[in-house]
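Enquirer: fold the following for me, if possible:
(one chain, ligands or ions: 1)
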Amino acid sequence: MAETRDLVIVGGGPAGSATAIALARLDPGLAARTVLLDRAAFPRDKTCAGGLIPHTLSILRELGLELTVPAVQVDQARVDVAGERIDIDSPGCCWVIRRREFDAMLLDAARGHGVEVRESVRVVGARRDGDHVVLETEAGPIRSRAVVGADGSGSLVRRALVNDAEGWIARAVMCDVPIASNGAPARFEFDFRAVLDGLSGYAWSFPCLIEGRPHWNVGVYSLARRGEGERLARLLDARAQAPDAPRKAHPIRLYRGRERISAPGVLLVGDAAGVDPLLGEGISFALQFGQIAARVLADGFATGDLRFRGYDRLVRRSPMGRKLRRLGFAARMMYGPAGPLFFRVARLSRRAQITGMNWYNGVAH
Ligand SMILES: Cc1cc2nc3c(=O)[nH]c(=O)nc-3n(C[C@H](O)[C@H](O)[C@H](O)COP(=O)(O)OP(=O)(O)OC[C@H]3O[C@@H](n4cnc5c(N)ncnc54)[C@H](O)[C@@H]3O)c2cc1C
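Expert: Residues are numbered from 1 along each chain as shown. Purely as a prediction, here's the structure:
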């Protein structure tokens, strides 16, 4: 006989943990009847640069959390576009964490809020059974009234229960390069020069601490999932200058307002639903998806209607959904035929540069 649950969250990354924490704050009784599954044992690595925009810290505070893991504070942004280097002083414009530590912190908080967390349990299949969903896991089946797919870009929950179209997928490659000096620099760098050669993306360098030692996390992002492998490898080699540093690559699902992100009894959050197409930033969105999903779950269980009909629209019309759609537009502009014009205009106005950065960071000025 299958175990029966009210709610199962698949995935204990930022989106799954945020859903659990936000739900526990809204409806502790429902959270106590929820189980969160992750195939990994935490702390686990996640291929990610670990940059947190200031808005992420505000959302953490809304969830009742502080950043208690090591973080490098970034006070200056350097942006390279064709023909020009732009330096912007902006104290606290980013904090760089390691996902191994950050995600474990969030998962611990979910557990501390009364949600049962099961690690090392992989979901291998999902299907409908009347008005329930049955999840096949390595530890046996679980029958649930509702399921949250927080299982990342390759989401099985998405493919099995919501939408098996490939969708809009970007790719990023990265490596960590030790820095010889004592301290990590307080500057991050974005390099858009390769856009003129046809890259739909950019290269980055973020300062970070790995086991207390300063490193650059260096990477390249491309809107194109396929066909760019060689170019990304070449750009990463040139930027990192560290042939021995292990390379890691991972897809990032991008948000498109018109794609379905829910079905009766099922909600998608974080990368499973899609994040920022312009820069591939996803942690702040993962947390916000969790907040929205928690509200929809609490309402659904309170009324007994678990069809979640309003979720896609609620996401699309939320400040997060509007920002994601604007970022999608900006990505098409910057990485499309209008790119060179866009960069020329952006180069000219200091005020536009600062306003753009503050908008992106979720900082009102
Ligand atoms: C190279 C790179 C650099 C990036 N840099 C940044 C950055 O600097 N800042 C930023 O904000 N974002 C960045 N991102 C994006 C960010 O990593 C993601 O948006 C973020 O991890 C999304 O969180 P999530 O919880 O939705 O998914 P994930 O973090 O992917 O978590 C999904 C969880 O689900 C679990 N899972 C998956 N399948 C199953 C299954 N079948 N059964 C059980 N468990 C399962 C996984 O083990 C995992 O723990 C970067 C991405 C890449 C690839």
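Enquirer: and Asp191, what is it in contact with?
Expert: Asp191 sits next to Val79, Asp80, Tyr202, Ala203, Trp204, Ser205, Arg239 when contact means Cβ atoms under 8 Å, 6 or more residues apart in numbering. The C-beta positions use only the backbone N, C-alpha and C, and glycine is treated the same way.
Enquirer: I should have written Val117 there, sorry.
Expert: Gly12, Val35, Leu36, Asp38, Leu107, Ala110, Arg111.
Enquirer: switch the cut-off to 6 Å
Expert: Taking Cβ atoms under 6 Å, 6 or more residues apart in numbering, we find Val117 in contact with Leu36, Arg111.
Enquirer: would you check how far apart it and Lys323 are?
Expert: The spacing between Val117 and Lys323, counted by Cβ to Cβ, to the nearest Å, is 30 Å.
Enquirer: cool, and Glu230?
Expert: For Glu230, the distance to Lys323 equals 33 Å [Cβ to Cβ].
Enquirer: what pLDDT does the model give His365?
Expert: On pLDDT, His365 comes in at 48.
Enquirer: next: Val162.
Expert: At Val162, the model reports a pLDDT of 98.
Enquirer: now swap in Gly183 and tell me
Expert: At Gly183, the pLDDT value in this model is 69.
Enquirer: among the contacts of Asp191, which are in helices?
Expert: When DSSP state H is applied, the contacts of Asp191 are split such that Arg239 fall in helices.
Enquirer: nearest spatial neighbour of whichever residue of the stretch 251-365 of the chain sits closest to the ligand, skipping sequence neighbours?
Expert: Residue of the stretch 251-365 of the chain nearest the ligand, by Cβ to the nearest ligand atom: Gly282 (1.8 Å). Take Gly282 and drop its neighbours on the chain: the residue closest to it by Cβ to Cβ, 6 or more residues apart in numbering is Val275, 3.5 Å away.
Enquirer: do you know how far that neighbour is from Val157?
Expert: Counting by Cβ to Cβ - Val275 and Val157 are separated by 16 Å.
Enquirer: tell me how far the residue of the stretch 251-365 of the chain closest to the ligand lies from Gly336.
Expert: Distance of Gly282 to Gly336, given as Cβ to Cβ: 22 Å.
Enquirer: does the residue of the stretch 251-365 of the chain closest to the ligand really touch Gly274, like I thought?
Expert: No - between Gly282 and Gly274 there is no contact under Cβ atoms under 6 Å: 8.9 Å.
Enquirer: neighbour-wise, which of these two wins?
Expert: Between Gly282 and Gly274, counted using other Cβ atoms under 10 Å, Gly274 has the larger neighbour count: 27 against 24.
Enquirer: so the more buried one sits right up against Arg253, yeah?
Expert: Yes - Gly274 lies in contact with Arg253 (Cβ under 6 Å); the separation is 4.8 Å.
Enquirer: hmm, back to that, next one, pLDDT for the residue of the stretch 251-365 of the chain closest to the ligand please.
Expert: At Gly282, pLDDT is 97.
Enquirer: what ranges does the stretch 101-250 of the chain have for its helices?
Expert: Counting by DSSP state H, counting those that start in this stretch, the stretch 101-250 of the chain has helices at residues 156-157, 229-240.
Enquirer: for the ligand, what's its nearest residue on the stretch 101-250 of the chain.
Expert: Among the residues of the stretch 101-250 of the chain, Gly152 lies nearest to the ligand; the distance is 3.0 Å by Cβ to the nearest ligand atom.
Enquirer: need the three-state assignment for the nearest residue to that residue once chain neighbours are set aside.
Expert: Counting by Cβ to Cβ, 6+ apart, Gly152 lies nearest to Asp271, which is 4.7 Å off, once chain neighbours are set aside. Of the three states, Asp271 takes helix under DSSP: H, G, I helix; E, B strand; the rest coil.
Enquirer: sorry, back to before: switch the helices of the stretch 101-250 of the chain over to JSON lines; also include mean pLDDT.
Expert: Shown next, in JSON lines, are those (pLDDT from 0 to 100):
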{"stretch": "helix 156-157", "mean pLDDT": "98"}
{"stretch": "helix 229-240", "mean pLDDT": "96"}
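Enquirer: helix or strand next in line after the longest helix along the chain, which one?
Expert: For the chain, the helix reaching the highest residue count under DSSP H is reported as helix 283-303. Once the chain leaves helix 283-303, the next helix or strand it forms, by DSSP states H and E, is helix 311-317.
Enquirer: could I get that following helix in CSV with only the CA atoms?
Expert: C-alpha atoms of helix 311-317 as CSV (Å, rounded to 0.1, in the frame of the first residue of the first chain):
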residue,chain,number,x,y,z
TYR,A,311,-1.6,30.0,-10.2
ASP,A,312,-0.1,30.6,-13.7
ARG,A,313,-2.0,33.9,-13.8
LEU,A,314,-1.0,34.9,-10.3
VAL,A,315,2.6,34.3,-11.1
ARG,A,316,2.4,36.1,-14.5
ARG,A,317,0.8,39.2,-12.9
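Enquirer: what's the mean pLDDT across that helix?
Expert: What helix 311-317 shows for mean pLDDT is 98.
Enquirer: any idea how far Arg225 is from the residue in the stretch 1-150 of the chain that the ligand sits nearest to?
Expert: When distances are taken as Cβ to the nearest ligand atom, the stretch 1-150 of the chain reaches nearest to the ligand at Gly13, 2.3 Å away. Note on Gly13: its distance to Arg225, by Cβ to Cβ, is 20 Å.
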